[in-house]
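> give me a model of this one.
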Amino acid sequence: MTSADTARLLERLRAREDGMDGDVREVYRHLGRAGVLAPSWPEEHGGRGGDFTETMVLLEELVRHGVPQSLYYISVQIVGSLIMQSGSEEQKRELLPRLASGELAACILFTEPEHGSDLASVTARAEPDQGGGWVLDGRKTYNLKTGYADLALCVVRTDDELNRYEGLTLFLVPLDAPGVTVRPMAALAGEQFHDVTLDQVRVGPEALLGAPGAGWSLITRMFAAERSGLDYYARARHWLDLTAERLTDAGREPDSTELADLARHRARLDAGRLLTCRAMQQLQEDRPDIARASMSKWHCSETAQAISWWSLEVIGVPLLDPGRDEGVLEAAYREAPGMTISGGASEVLLDIVTGARLLEDVETGGN
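Predicted structure coming up:
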C-alpha cells in the first residue's frame, strides 16, 4: 500500500461515513502490516523490541499526520500493556500479536452511571457458573471507542464479603457475546462515547485477567500506563504548532504578548515531555509509579486544555471554521473541558500525588 493509499484511507475516515468517528481500524491494520504499532513490545508479541522513546515518536507522528490515536492508545498502550504484564501465557499468545497488528481493537469498561472516579464503588457483577466460567451483569457508560472495539477490559464486583477494593475482578469481554448491547451517546467532543449494557453475558475462564479479587491491584498498575500523559502531550504539541502557524497567516507578525504566551506554553510542553518520559521509562523498567504517572497526566492534560483555550483567544472565531487544518483546533476546543476529567480527574490525581509525597516525608523524616 502506497502513501497515496494511506491518504485515501484518511480522507475516507474524515468523512465519518459511519455516522460516528469514522472507522480507523483499516488505517491501523495498514500500519500494523508495517510493524509500527507496538514498537516497544518484544518481537514475540508483535513488537519491534524497541524502547519507550519509539512509542513517543510514533504517537507524535500519528497526531501530526491526522491519524486518530485514541483507539490505538487504549488497545495497545493501556489494555495490551496490561495483558503483557499480568495476563496468562495463553492470553499473551492469543491477543498481543493481534493487538499489535491492528487486527484486534480493545476498549475499557470501567465508568458506571453513578460511579466515575470512584472505581471501587462499581456495582456491575460477575457470578461463577457451573462450567467454570462467569456471568456478567451491569451497565457501563462514557466508554470511548466501544463501537469500534472487539474486546473490552471490564471491571466488575465478584465478592461482597471483602472490602470494596478486594472484591473487584477484571475480565476481557468479547463485545460480540450475546447479552452485550452498545449504544452511542451524544457528546460535545468530536470522539464518540458509548453506553454499554451487560445482560447475563457468559464468558469462559479464559476471559479472567489475573485472579478473582485482584482487580484493584491490576487497575492501579494499569493507571501507571494510562496516565503517562503521552497522548495529551502529543496532541497539545500539535495544537500549539497549528496555532503558531495561524498567528503568522498572511505575513502577520505576532505581538509581544502572543510571543510570550507561545514561549510559556512551549516551556510547559517541554516539562510535560520530560514527565512523560520518566513515567514511561519506569514502566519499561517494570517500576510503575502511580504517583509520578498521575503527576504527568495532570500536567499534560492541564497544559493541553490551556493550549486549546488559548488558541481560541488569540485566533478568535476563525478557529471555529472546521475547514481549516481539518478542523483539528475546532475539535480541540470542544474536547478541552473533558481533558481534565477523563483518564483521571485533576483533583483526584493531585490527591494521589500529595498523598504519596506525605508518605515519603513520613518514611524519610521529611528530608
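> show me what counts as buried in the strand or helix carrying residue 262.
With elements delineated by DSSP states H and E, residue 262 resides in helix 256-284, which encompasses its position. Within helix 256-284, the residues scored as buried using 16 or more other CB atoms under 10 Å are 258, 261-262, 265, 268-269, 272-273, 275-280, 282-283. C-beta: built from backbone N, CA, C; applies to glycine.
> then stretch 301-321?
In stretch 301-321, residues buried by neighbour count (16+ other CB under 10 Å) are 301-308, 310-312, 314-315, 319.
> domain parsing for the chain?
With automatic domain parsing serving as the domain definition, the record reports that the chain contains domains spanning 3-105, 108-212, 227-364.
> coming back round to it: nearest to residue 215, of the buried residues of helix 256-284?
For residue 215, the nearest member of the buried residues of helix 256-284 is residue 283. The distance, counting by CB to CB, is 19.5 Å.
> how close does that closest one sit to residue 7?
When distances are taken as CB to CB, to the nearest Å, residue 283 and residue 7 turn out to be 33 Å apart.
> ok now do residue 325, which residues does it touch?
Residues counted as contacts of residue 325 (CB atoms under 8 Å, 6 or more residues apart in numbering) are residue 242.
> with residue 70 instead?
Taking CB under 8 Å, 6+ apart as the definition of contact, the neighbours of residue 70 are 144-145, 191, 231.
> circling back: turn the buried residues of stretch 301-321 into a markdown table, columns for pLDDT, distance to residue 107 and secondary structure.
Rendered in a markdown table, the data for the buried residues of stretch 301-321 read as follows (pLDDT from 0 to 100; distance: CB to CB, whole Å; DSSP: H, G, I helix; E, B strand; the rest coil):
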| residue | pLDDT | distance to residue 107 | secondary structure |
| --- | --- | --- | --- |
| 301 | 97 | 20 | helix |
| 302 | 97 | 25 | helix |
| 303 | 98 | 26 | helix |
| 304 | 97 | 22 | helix |
| 305 | 97 | 23 | helix |
| 306 | 97 | 28 | helix |
| 307 | 97 | 27 | helix |
| 308 | 95 | 24 | helix |
| 310 | 95 | 31 | helix |
| 311 | 92 | 29 | helix |
| 312 | 88 | 30 | helix |
| 314 | 90 | 36 | helix |
| 315 | 87 | 34 | helix |
| 319 | 71 | 30 | helix |
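> contacting residues around residue 103?
Here residue 103 is in contact with 29, 32 (criterion: CB under 8 Å, 6+ apart).
> measure it to residue 33 for me?
Where residue 33 is concerned, residue 103 sits at a distance of 10 Å (CB to CB).
> can you map out the helices along the stretch 51-200 of the chain?
Under the criterion DSSP state H, counting those that start in this stretch, helices of the stretch 51-200 of the chain are mapped to 52-64, 70-72, 81-86, 89-101.
> now, of those, which is deepest in the fold?
Using mean count of other CB atoms under 10 Å, the stretch among the helices of the stretch 51-200 of the chain with the greatest mean number of neighbours is helix 70-72 (a mean of 23).
> my guess is residue 268 contacts residue 303, does it?
Yes - using CB atoms under 8 Å, residue 268 makes contact with residue 303 at a distance of 4.6 Å.
> and stretch 325-345, how far out from the chain middle?
With CA atoms, centre = their mean, to the nearest Å as the basis, stretch 325-345 stands 13 Å off its chain's centre.
> in TSV, list the domains of the chain along with distance to residue 220.
What follows is the domains of the chain, written out as TSV (distance: least, CB to CB, whole Å):
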stretch	distance to residue 220
domain 3-105	11
domain 108-212	10
domain 227-364	6
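> of the ones you listed, give the one that comes closest to residue 219.
Nearest of those (CB to CB): domain 108-212, 6.5 Å.
> any idea how far apart the tips of that closest one sit?
Using CA to CA, to the nearest Å, the end-to-end distance of domain 108-212 comes to 18 Å.
> if I look at residue 343, what pLDDT would I see?
At residue 343, the model reports a pLDDT of 85.
> and for residue 10?
Confidence per residue is given as pLDDT, and for residue 10 that number is 75.
> list the residues that contact it.
Contact partners of residue 10, counting by CB under 8 Å, 6+ apart, are 27, 65-67.
> one more time with 10 Å, if that's ok
Contact criterion CB atoms under 10 Å, 6 or more residues apart in numbering gives 22, 24, 27, 65-68, 326 as the residues in contact with residue 10.
> which of those residues are buried, as a PyMOL select command?
For selection in PyMOL, the members of the contacts of residue 10 meeting the burial criterion (16+ other CB under 10 Å) are listed in this command:
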select buried, resi 22+24+27+66+67+68
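> in TSV: the contacts of residue 10, plus pLDDT.
Putting these into TSV (pLDDT from 0 to 100) gives the following:
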residue	pLDDT
22	73
24	87
27	88
65	86
66	85
67	87
68	86
326	70
